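[1] got a sequence here, can you model it:
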Amino acid sequence: MNTFEANIRMLDEFTDVLWLEDGLSRNTLASYRADLMQLVEWLSRREQTNGLLNDVTQADLLAFLSDRIAQGAKASTASRALACIRRFYRYLLRQGKILIDPAVNIDSPKVSRHLPVSLAESEVEALLAVSDIKQPLGLRDRAMLEILYAAGLRVSELVSLAISQVRQDMGVVRILGKGNKERLIPLGDEALYWLDLYLREARPILLAGKHSNMLFVTTRGDAMTRQAFWYLIKRHARQAGIVKQLSPHTLRHAFATHLLNHGADLRVVQLLLGHSDISTTQIYTHVARERLRQLHARHHPRGKL
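    Okay, here's the model as predicted:
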């Protein structure tokens, strides 16, 4: 077995363990693997090492991270790669494949926390109103956008929804999020109204006699993909006159920010978003405070100098 094959075997075993122990999604596993493959490829170009992952030193890892940053990688990207590397070498240490963890004392690059781009409530209303609800596809789009905003879902969670995950009688959707963590999220009357309309009037037409367990389907009867939905939301944003640079999480950001603006408790927002650590949710308090500052400056008689 050559060096490359040996490294690939170690990556395969590691990702299998991640899947078995944590139930990580296919996308998350692919991200872990992509970060580690960059390390494998970097090692293969280095003459000073034999290229094996289990022979890497701390100096090698520091040089690898330095090279990535020098090539233009953001601090957040390098920090994510380091988190992946740390977990991989903890796994090797636990398996007895290394005696010393080379990643244990490496500090993460300093990452500046950028406030997420959100939408004003009026912009969300404009985005939701764009869909042509006289057409089956338009009705589907309206229902998807309403649920995305009402429940603060990740796009991957939205497009993978099965019919069995929605309880219209209880007004909730059951989500299996990152790390196989389950959460129940209320939908609200507006989202339930559009969902019911879609299920009764649009979905049967889109399926055209085909069978599917997926909630949102295409004209071919297949499930929507993340990429297709993202093209959809960008097109709708242009039609609504929204000029902000949207991301796949924009409506999720708006969901959290608007809840806080209307007095929701941070812990409740954390549960609804499915964040394991409240520090991840706390960034939305900054967004809400900034919104309040802007409102004060715009409307208070002494808000501006």
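
[2] where do the helices of the stretch 51-200 of the chain begin and end?
    All helices of the stretch 51-200 of the chain, identified by DSSP state H, counting those that start in this stretch, fall at 58-70, 75-94, 121-129, 136-151, 155-159, 189-197.

[3] nearest to A254 among those helices would be which one?
    Of all the helices of the stretch 51-200 of the chain, helix 121-129 sits nearest to A254, with 5.5 Å by Cβ to Cβ. Where you see a C-beta, it was placed from the backbone N, CA and C, and this is true even at glycine.

[4] now do the closest one and helix 136-151, the angle between them.
    Angle, helix 121-129 to helix 136-151, by axes from the mean of the first three to the mean of the last three Cα atoms, to 10 degrees: 150 degrees.

[5] returning to what we had before: need the helices of the stretch 51-200 of the chain in JSON lines (columns: mean pLDDT and distance to A264).
    Listed next are the helices of the stretch 51-200 of the chain as JSON lines, based on pLDDT from 0 to 100; distance: least, Cβ to Cβ, whole Å:
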{"stretch": "helix 58-70", "mean pLDDT": "87", "distance to A264": "38"}
{"stretch": "helix 75-94", "mean pLDDT": "88", "distance to A264": "27"}
{"stretch": "helix 121-129", "mean pLDDT": "91", "distance to A264": "14"}
{"stretch": "helix 136-151", "mean pLDDT": "94", "distance to A264": "14"}
{"stretch": "helix 155-159", "mean pLDDT": "90", "distance to A264": "20"}
{"stretch": "helix 189-197", "mean pLDDT": "95", "distance to A264": "17"}
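
[6] need the winner for burial among these.
    Mean neighbours per residue, mean count of other Cβ atoms under 10 Å, is largest over the helices of the stretch 51-200 of the chain for helix 136-151, with a mean of 23.

[7] care to break the chain down by domain?
    Annotated domains of the chain cover 3-94, 121-299 [automatic domain parsing].

[8] mind putting the ones you listed into JSON lines with distance to I100?
    Formatted as JSON lines, the domains of the chain follow (distance: least, Cβ to Cβ, whole Å):
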{"stretch": "domain 3-94", "distance to I100": "8"}
{"stretch": "domain 121-299", "distance to I100": "29"}
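
[9] excluding chain neighbours, give the residue nearest to L232 in space.
    With sequence-adjacent residues excluded and distances taken as Cβ to Cβ, 6 or more residues apart in numbering, L232 is closest to D141, at 6.1 Å.

[10] then M144?
    Nearest to M144 is F216, by Cβ to Cβ, 6+ apart, at 5.6 Å.

[11] and for L215?
    L161 (4.2 Å).

[12] next: T281.
    Spatial nearest neighbour of T281, chain neighbours left out: Q270 (4.3 Å); criterion: Cβ to Cβ, 6+ apart.

[13] check contacts around the residue positioned nearest the centre of the chain.
    The centroid of the chain falls nearest to R154 when counting by Cα atoms, centre = their mean (5.4 Å). Applying Cβ atoms under 8 Å, 6 or more residues apart in numbering, we find R154 in contact with 177, 248-249, 252.

[14] quick check: the closest residue to S25 other than its chain neighbours vs G23, distance?
    Distances taken as Cβ to Cβ, 6+ apart place K178 nearest to S25, at 6.8 Å, with adjacent residues excluded. To G23, K178 is 9 Å away according to Cβ to Cβ, to the nearest Å.

[15] the two: which is more packed in?
    K178 (17 against 13; other Cβ atoms under 10 Å).

[16] quick one: the more buried one and R26 touch, right?
    No: counting by Cβ atoms under 8 Å, K178 stays clear of R26, with 12.0 Å between them.

[17] list the helices and strands the helix or strand L271 falls within packs on?
    Here L271 sits within helix 266-273, counting by DSSP states H and E. Helices and strands touching helix 266-273, by 3 or more Cβ pairs under 8 Å, 6 or more residues apart in numbering; DSSP states H and E, are strand 182-186, helix 250-261, helix 278-281, helix 283-299.

[18] still on that earlier bit, wait, isn't the residue nearest to T281 in contact with I278?
    Yes: with contact defined as Cβ under 8 Å, Q270 counts as touching I278 (5.1 Å).
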